[in-house]
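A.B. asks: I'll drop the sequence and a predicted model, then ask my questions.
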There are 4 protein chains.
Amino acid sequence: MQEEVTDRARRPRADAQRNRDRILDAAEQYFSEYGVTGSLDAIAKRAGVGAGTLYRHFPNRECLLAALLAARDDALVARRDHLRSGSMSAADALGGWLEAITAWAGAFDGLPEPLRAATATSSSPLAVTCQGFITTTESFLRAAQDEGSARRDVRARDLFLAALANSWVRGAAMADDASAAALTELTRTGWATVRPVRADDDQ
Amino acid sequence: MQEEVTDRARRPRADAQRNRDRILDAAEQYFSEYGVTGSLDAIAKRAGVGAGTLYRHFPNRECLLAALLAARDDALVARRDHLRSGSMSAADALGGWLEAITAWAGAFDGLPEPLRAATATSSSPLAVTCQGFITTTESFLRAAQDEGSARRDVRARDLFLAALANSWVRGAAMADDASAAALTELTRTGWATVRPVRADDDQ
Amino acid sequence: MQEEVTDRARRPRADAQRNRDRILDAAEQYFSEYGVTGSLDAIAKRAGVGAGTLYRHFPNRECLLAALLAARDDALVARRDHLRSGSMSAADALGGWLEAITAWAGAFDGLPEPLRAATATSSSPLAVTCQGFITTTESFLRAAQDEGSARRDVRARDLFLAALANSWVRGAAMADDASAAALTELTRTGWATVRPVRADDDQ
Amino acid sequence: MQEEVTDRARRPRADAQRNRDRILDAAEQYFSEYGVTGSLDAIAKRAGVGAGTLYRHFPNRECLLAALLAARDDALVARRDHLRSGSMSAADALGGWLEAITAWAGAFDGLPEPLRAATATSSSPLAVTCQGFITTTESFLRAAQDEGSARRDVRARDLFLAALANSWVRGAAMADDASAAALTELTRTGWATVRPVRADDDQ
DNA sequence: AATGAATGAGCATTCATTCAT
DNA sequence: TATGAATGAATGCTCATTCAT
């Protein structure tokens, strides 16, 4: 009786939270093992919950993915703060940040794909995440531009997409580390030695 | 006359060739509509042939894809020849070639994925195609390097992958043309204004 | 009262149990009609359930078969008890038991095959069933051996296999009842009138 | 021209014979590898002939099987003659012959099945083969019966079926040699020590 | 006589999602 | 709120057999 009053709003939440966590743990394992296209049913099973429970917490794969990545946001935010507070140049900070994004997007096999889609649609739970990182990228980019070490005609959004693309190239079983580094470098400096002069290029 | 001899081996193919063509047509349509992961059975149905017939001609999705792309190879080869014979600089030729590859890999939604995989495995019907284009890329790149307009530390394979990556970013429903161009430009010139000096960099 | 408690876990099964039963009924019919290699899809259809439902209940053909036979186990167990409690000789009991097994394995066309396979692998849902019957066979055999009416150098497992083999010979469309009986008799007494004397032969 | 007259009936036959032989060779390999249910198409391919050619020579699987076994008949006939001419007892000869049949029916995985079916239908190309061996079994059996070493109430046909059954039990991956021998022995002597006296039992 | 292309139903199995309990 | 049963279309692929060439 007493419980019904005090716990009505709390106890179920404790259960729910526990289930949510177990689902996230299971998803983390499962996606690591089989990539982001793995079976949601299998995740529910591994988490020890019913399929319906999974769907209650995460109505679709993207929501689950978003929640999963949110848990990793902390690491990326920490990285961001570290890059910001460091004594490195703004260019190196931007480079470090892009590499951090590339690594982040490579957390699970196949992850770049939904991230790219989310970047395009804006109506996805992942879009929020992506947008946040684009904003951060923008601040790094602006600093580098102000420093004179980044081109003014480059947009943060495109750098973000380039980072995803590099992550995509690395793929799951890429097995060619040289290419991974080369692509990152290519994004930084391009393949051309000479650049066309442009109006908005303030250098 | 001569034809009559070779026709003896060709005549039974009248049927086969017709079916093959119909399958390719159907696949072209279907992949354009639903992307390269569309149902093979559905393609057979649209082509008006039995599933077995499709599988006889193209034992798996990659073979079908390779045949489909082979039909487009001609256009790419023509583009290559045009770029080679033109009076443009080697840098512009390389740029044009990379853009051609990017466009080619964007023929169908999802096409970059198997192309990337093929680039890594070499045991795929698509691998041959990819390798051929990497070789062409190499000749364009070398010309540009000899001209002094391309960096010496860039590899053709990585440029090819970058072109695929750009194609991947564009996606099917990208809806952001500015990014498409920006990514291509980024690959050419990078985001940095300043470059680390390197030993093998002949500028 | 007690039921009310256990029902809590059983109630959601009202649906499931009904479907399960319908599947078993359909399978019974279908296997009787077409043999144990009949299409599982067709069984699902006949049962009026989706294919997924069938696979949820019985992940593979062997599981379905095992469940189907489990329903018949009762009859066999009853037969065993009847044979045990009867006043017949141990030899007749063993003979009756082997005949019961032979009849049981002839329930469906093609059933002896998976039973034989299960006898060999032990990692099959049918293996449990088979092993159980081998054990029972052993008790009957031992009684007959103790009685002096069964040879000491015969193993229960081989008698079980012989019963399966006889069932196999009968097949579905055997149409030769004489052979069926003859084979059973052959297993009992062999074709030879004279037997090589053996050390472990206590007669 | 000249050829048309003299070779019209001969040359094609040479071709046909060569193809027939190649098909038989391929089938021998293939059935050995994959059992008698292996794909006929694959056999045609391995033989280097079209599917139609295979079907011209052997309208169905049973015909192919029958031809394949016919080639092995020689070995069995030789065995028969050797058993007949030997100085062993008629009982041992019969035993040897049954063992020879069991081994013969074990030539390919799954072979006992069509042999049993053929024994029952008599409208199969294999039926001829089986009937021949039943006849031979009969002669061995009669000799043993005359010698007094085989029971008079046993029929050759049932012994043949028992031999097939033993072959079936051995299966492909039986992995239990003891059972193989035990079953053979069981067929010879049965499991009972005491036999019911019967009218037609002349011992 | 030979070819090999075509057929197309058939198979086992999966999975995201819904919904009754 | 949680459960997990149900759905049922969909997938890639095979194969015995026929038949046009």
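C.D. replies: Noted; the coordinates are in hand. Residues are numbered from 1 along each chain as shown, chains lettered A, B, ... in the order given.
A.B. asks: For chain B, what's its nearest residue on chain A.
C.D. replies: Going by Cβ to the nearest Cβ, chain B is nearest to residue A:190 of chain A, at 3.4 Å. In short, each C-beta sits where N, CA and C put it, glycine included.
A.B. asks: and that residue, how many neighbours?
C.D. replies: 23 (other Cβ atoms under 10 Å in any protein chain shown).
A.B. asks: Check residue A:135 too.
C.D. replies: 12.
A.B. asks: Make sure I have this right: it is in a helix.
C.D. replies: Yes - assessed by DSSP: H, G, I helix; E, B strand; the rest coil, residue A:135 belongs to a helix.
A.B. asks: Which residues are in contact with it?
C.D. replies: residue A:156 (Cβ atoms under 8 Å, 6 or more residues apart in numbering or on different chains).
A.B. asks: pLDDT value on it, please?
C.D. replies: Reported pLDDT at residue A:135 in the predicted model: 96.
A.B. asks: Also residue A:16?
C.D. replies: Looking at residue A:16, its pLDDT reads 80.
A.B. asks: so how far is residue A:56 from it?
C.D. replies: Per Cβ to Cβ, to the nearest Å, residue A:16 is found 8 Å from residue A:56.
A.B. asks: Alpha carbons of the helix or strand residue A:100 falls within, as PDB, please.
C.D. replies: For residue A:100, the enclosing helix or strand under DSSP states H and E is helix A:90-105. The C-alpha coordinates for helix A:90-105 follow below in PDB (Å, rounded to 0.1, in the frame of the first residue of the first chain):
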ATOM      1  CA  ALA A  90      44.700  25.600 -33.800                       C
ATOM      2  CA  ALA A  91      45.500  23.600 -37.000                       C
ATOM      3  CA  ASP A  92      46.800  20.700 -34.900                       C
ATOM      4  CA  ALA A  93      43.700  21.000 -32.700                       C
ATOM      5  CA  LEU A  94      41.500  20.800 -35.700                       C
ATOM      6  CA  GLY A  95      43.400  17.900 -37.100                       C
ATOM      7  CA  GLY A  96      43.200  16.100 -33.800                       C
ATOM      8  CA  TRP A  97      39.500  16.700 -33.600                       C
ATOM      9  CA  LEU A  98      38.900  15.300 -37.000                       C
ATOM     10  CA  GLU A  99      40.900  12.300 -36.200                       C
ATOM     11  CA  ALA A 100      38.900  11.900 -33.100                       C
ATOM     12  CA  ILE A 101      35.700  12.000 -35.100                       C
ATOM     13  CA  THR A 102      37.000   9.500 -37.600                       C
ATOM     14  CA  ALA A 103      37.900   7.100 -34.800                       C
ATOM     15  CA  TRP A 104      34.600   7.600 -33.100                       C
ATOM     16  CA  ALA A 105      32.700   6.900 -36.300                       C
END
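A.B. asks: Most proximal residue of chain A with respect to DNA strand F?
C.D. replies: Nearest to DNA strand F, among the residues of chain A, is residue A:52, at 1.8 Å (Cβ to the nearest atom of the strand).
A.B. asks: and the residue of chain A nearest DNA strand E?
C.D. replies: At 3.3 Å from DNA strand E, residue A:52 is the closest residue in chain A, using Cβ to the nearest atom of the strand.
A.B. asks: what's the neighbour count on residue A:74?
C.D. replies: Residue A:74 has 9 nearby residues by other Cβ under 10 Å.
A.B. asks: Same question for residue A:82.
C.D. replies: Using other Cβ under 10 Å: residue A:82 sits among 13 other residues.
A.B. asks: same thing with the one 4 residues further on?
C.D. replies: Neighbour count for residue A:86, taken as other Cβ under 10 Å: 11.
A.B. asks: Repeat that for the one 5 residues further on.
C.D. replies: Using other Cβ under 10 Å, residue A:91 is surrounded by 21 other residues.
A.B. asks: just checking, it touches residue A:147?
C.D. replies: Yes - using Cβ atoms under 8 Å, residue A:91 is in contact with residue A:147, at 6.7 Å.
A.B. asks: can you pull out the helices in chain A?
C.D. replies: A:2-6, A:11-34, A:40-47, A:51-57, A:61-85, A:90-105, A:112-121, A:125-147, A:156-170, A:177-189 (DSSP state H).
A.B. asks: The last one versus helix B:156-170: what angle between them?
C.D. replies: Yep, that's helix A:177-189 we're talking about. Compare the direction of helix A:177-189 with that of helix B:156-170 by axes from the mean of the first three to the mean of the last three Cα atoms, to 10 degrees and you get 70 degrees.
A.B. asks: pLDDT on helix A:177-189, on average?
C.D. replies: On average, the pLDDT along helix A:177-189 is 83.
A.B. asks: Get me the contact residues on chain A for chain D.
C.D. replies: Contacts of chain A with chain D, taken as Cβ under 8 Å from any Cβ of the partner chain, are absent.
A.B. asks: Domain boundaries for chain A, per the record?
C.D. replies: A:1-59, A:62-203 (automatic domain parsing).
A.B. asks: tell me the most buried of the helices of chain A?
C.D. replies: Of these, the one with the most neighbours on average (mean count of other Cβ atoms under 10 Å in any protein chain shown) is helix A:156-170, at a mean of 26.
A.B. asks: contacting residues around that one?
C.D. replies: For helix A:156-170, the surrounding residues in contact (Cβ under 8 Å, 6+ apart) are A:94, A:98-99, A:101-106, A:111-113, A:115-116, A:119, A:130, A:133-135, A:137-138, A:141, A:179-180, A:183-184, A:187, B:116, B:161-162, B:164-166, B:168-169, B:179, B:182-183, B:186, B:191.
A.B. asks: The residue nearest to residue A:86 when sequence neighbours are not counted and chain D, how far apart?
C.D. replies: Using Cβ to Cβ, 6 or more residues apart in numbering or on different chains and skipping the chain neighbours, the partner closest in space to residue A:86 is residue A:93 (6.8 Å). Separation of residue A:93 from chain D (Cβ to the nearest Cβ, to the nearest Å): 62 Å.
A.B. asks: Kindly report the residues of chain A close to DNA strand F.
C.D. replies: Proximity of chain A to DNA strand F, by Cβ under 7 Å from any atom of the strand, involves residues A:12, A:15-16, A:19, A:41, A:48-53, A:55-57.
A.B. asks: so where's chain A uncertain?
C.D. replies: A:1-13, A:172-175, A:193-203 (pLDDT under 70).
A.B. asks: Need the nearest residue in space to residue A:140, chain neighbours excluded.
C.D. replies: With Cβ to Cβ, 6+ apart as the criterion, residue A:140 has its nearest non-adjacent residue at 4.3 Å, and that residue is residue A:94.
A.B. asks: can you tell me which residues contact that neighbour?
C.D. replies: Shown in contact with residue A:94 (Cβ under 8 Å, 6+ apart): A:137, A:140-141, A:143-144, A:150, A:159, B:191.
A.B. asks: Take these and lay them out in TSV including distance to residue C:36.
C.D. replies: Converted to TSV, the contacts of residue A:94 look like this (distance: Cβ to Cβ, whole Å):
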residue	distance to residue C:36
A:137	62
A:140	66
A:141	67
A:143	72
A:144	71
A:150	71
A:159	62
B:191	66
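A.B. asks: restrict those to those near DNA strand E?
C.D. replies: Counting by Cβ under 7 Å from any atom of the strand, no member of the contacts of residue A:94 reaches DNA strand E.
A.B. asks: What parts of chain A come near chain C?
C.D. replies: Taking Cβ under 8 Å from any Cβ, no part of chain A reaches chain C.
A.B. asks: From residue D:124, how far off is the closest residue to residue A:22 other than its chain neighbours?
C.D. replies: Spatially, and ignoring its direct neighbours in sequence, residue A:22 is nearest to residue A:47 (4.4 Å; Cβ to Cβ, 6+ apart). Residue A:47 sits 57 Å away from residue D:124, going by Cβ to Cβ.
A.B. asks: Ramachandran angles for residue A:39?
C.D. replies: Dihedral angles of residue A:39 (phi, psi; degrees, to the nearest 10) stand at phi -70, psi 130.
A.B. asks: Going by distance to residue D:26, which of the residues of chain A next to DNA strand F wins?
C.D. replies: residue A:41 (44.4 Å; Cβ to Cβ).
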